[in-house]
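Chemist: need a structure here:
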Amino acid sequence: CVGLASLALSLVTVFSNFSEGYSMGKTSMILAGSDKRLLCSIMYRVYALINIWKEPIQAILPHLKEIYNTSLKYGMIDYALFSGMSFAYRAFFTGSLLKPF
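Modeler: Numbers count the residues shown, from 1 in each chain. Below is the predicted model of the structure:
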């Protein structure tokens, strides 16, 4: 599932195939099922790196907060930091207030 999300990321960034990468990213999240530790890494790739090409940033910000909280809950500190940084970066450019989680 993580490999599929990484392939989706390469489709978007390297090959500029946005539609196929977007749908492959959604599929990778479905295949991950209920494994929260695996889902944290997949959701980060999908919401922070793939969906920014197809969805408005305001729609992605709540998902980045969710990834942050889930990652902290399951001990995935690296993905908590990645998603927190992505949230702050994107929220800054939308003009949103940067409040504590």
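
Chemist: got the CA coordinates for the helix or strand of the chain with the lowest mean pLDDT in PDB?
Modeler: The least trusted helix or strand in the chain, going by mean pLDDT, DSSP states H and E, turns out to be helix 36-43, with a mean of 93. The C-alpha coordinates for helix 36-43 follow below in PDB (Å, rounded to 0.1, in the frame of the first residue of the first chain):
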ATOM      1  CA  LYS A  36      -3.500   3.000  11.600                       C
ATOM      2  CA  ARG A  37       0.300   2.900  11.600                       C
ATOM      3  CA  LEU A  38       0.400   2.100   7.900                       C
ATOM      4  CA  LEU A  39      -2.400   4.500   7.200                       C
ATOM      5  CA  CYS A  40      -0.400   7.400   8.700                       C
ATOM      6  CA  SER A  41       2.400   7.100   6.100                       C
ATOM      7  CA  ILE A  42      -0.100   6.600   3.300                       C
ATOM      8  CA  MET A  43      -2.300   9.500   4.300                       C
END
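
Chemist: out of everything not next to it in sequence, what's closest to residue 42?
Modeler: In space, and not counting its chain neighbours, residue 42 is closest to residue 5: 4.7 Å by C-beta to C-beta, 6 or more residues apart in numbering. Where C-beta positions appear, they are placed from N, C-alpha and C, glycine not excepted.

Chemist: Ok, residue 94 next?
Modeler: Using C-beta to C-beta, 6+ apart, the closest residue to residue 94 is residue 57 (5.3 Å).

Chemist: before we move on, the earlier item: next one: the helix or strand that the least confident helix or strand of the chain is followed by to chain centre, how far?
Modeler: Using DSSP states H and E, the helix or strand that follows helix 36-43 in sequence is helix 57-73. Here helix 57-73 is found 8 Å from its chain centre; the criterion is C-alpha atoms, centre = their mean, to the nearest Å.
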